[in-house]
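Engineer: Output the structure for:
(4 chains)
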2 protein chains.
Amino acid sequence: MPPSTTASDLLDGERAEAVDAIQRELTAFARRARSLASQIHPGLTLVTFTILDHLNERGGCRGTDLAAHFMLDKSTVSRQVASLEKLGLVERTADPEDLRGQIIRPSTQGADLLRQVLDQRHRAYLQRLRDWDKDDLERFAAYLARYNASA
Amino acid sequence: MPPSTTASDLLDGERAEAVDAIQRELTAFARRARSLASQIHPGLTLVTFTILDHLNERGGCRGTDLAAHFMLDKSTVSRQVASLEKLGLVERTADPEDLRGQIIRPSTQGADLLRQVLDQRHRAYLQRLRDWDKDDLERFAAYLARYNASA
DNA sequence: TCTCCTTAGTTGTAAGATGCAACAAAGGAA
DNA sequence: TTCCTTTGTTGCATCTTACAACTAAGGAGA
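Structural biologist: The predicted model follows:
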């Protein structure tokens, strides 16, 4: 009975072992990222930080857009945005093109805080990767990009 | 003013670009993993699945051990384990060496369910990586292991 | 042995996140 | 104008979690 894939796919133990190792390492990474997610910044939860980051990247958007992007109920977004507004981290302005909606943007303070958190995170990456030489960094980045593209 | 690190650390734009790319791709991976975490299995949340997996790997342990490992309050663990028990996925037996404690283990049904979920996840990895050749898989695994070791 | 402290686990209570349903306000089409 | 859709808020219920108080059991020392 001929295999439906090449012999090297099914029979190469080293290949299967490498896939296992990748799965194991990515699982460990995801687990660590999850456990660190709660310590982003005092006053910011994972959700509010992620919303603030998305608002910053998009240059402001409406609550409905946030709900769609994060697959959250609009009521949840409404309350989280209200919380961010209460903290002075976002500002709302009526959408001039549709008075039902509101454009939500990071405030100056919110943008500053976000920049601070992102800088801190970036410095952590630079620190972790400080011993890697350029070629390894580029190859690792290329592998990650290839992996993400297939997922 | 001489730099405190080598010139290639600070001045190599390609190197900085590669670190940025790694950070970007790992962030994207963590975000996707987080959003997929809620759809593990009907009836299993991320927390209960993770507990079941840990019980399986450890071959059973006490609630206090779970609380310490996941940095959760013992009351939270108590309720989650009660929930798993109600679903018939774990069993509790008194610890013969310390009658205060209980050894929690996956039930036959719990072990089957866990195996099913892990198999499904493993097949997904095999599928995603089916076009990679052996050398790339091994190098990627090595890079991930090196990265995780430094984090 | 008795007393006191520690440890394992459960339960009461409160806070926060979330989804669904109901609602108001505004847009848009017939 | 009338009816349906879209955007957002609020009431309500549920789930997760932490803290505190409690029970039961182990262990050390007088």
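
Engineer: ok, the residue most central in space within chain A - contacts?
Structural biologist: The residue at the geometric middle of chain A, judged as the C-alpha nearest the mean C-alpha position with C-alpha atoms, centre = their mean, is A:Thr50 (7.2 Å). Taking C-beta atoms under 8 Å, 6 or more residues apart in numbering or on different chains as the criterion, A:Thr50 is in contact with A:70, B:31. (Glycine included, C-beta is placed from N, CA and C.)

Engineer: As a check, name the ranges of all helices in chain A.
Structural biologist: Assigned helices in chain A, in chain order: A:7-11, A:13-36, A:46-58, A:63-70, A:74-86, A:108-128, A:134-149 (criterion: DSSP state H).

Engineer: For A:Leu144, the count of nearby residues, please.
Structural biologist: By other C-beta atoms under 10 Å in any protein chain shown, 23 other residues sit near A:Leu144.

Engineer: In this structure it contacts B:Gln23, no?
Structural biologist: No. Proximity of A:Leu144 to B:Gln23 does not meet the contact threshold set by C-beta atoms under 8 Å, at 9.8 Å.

Engineer: what's the neighbour count on the residue nearest to A:Arg121 when sequence neighbours are not counted?
Structural biologist: In space, and not counting its chain neighbours, A:Arg121 is closest to B:Gln23: 7.4 Å by C-beta to C-beta, 6 or more residues apart in numbering or on different chains. A count of neighbours around B:Gln23, defined by other C-beta under 10 Å, yields 20.

Engineer: I figured B:Gln23 was touching A:Asp119, is that so?
Structural biologist: No. With the criterion set as C-beta under 8 Å, B:Gln23 and A:Asp119 do not qualify as a contacting pair; they are 11.8 Å apart.

Engineer: quick one on the thing from earlier: pLDDT wise, what is the residue nearest to the centre of chain A at?
Structural biologist: The predicted local distance difference test score for A:Thr50 is 95.

Engineer: A:Ser4 too?
Structural biologist: According to the predicted model, the pLDDT of A:Ser4 comes to 47.
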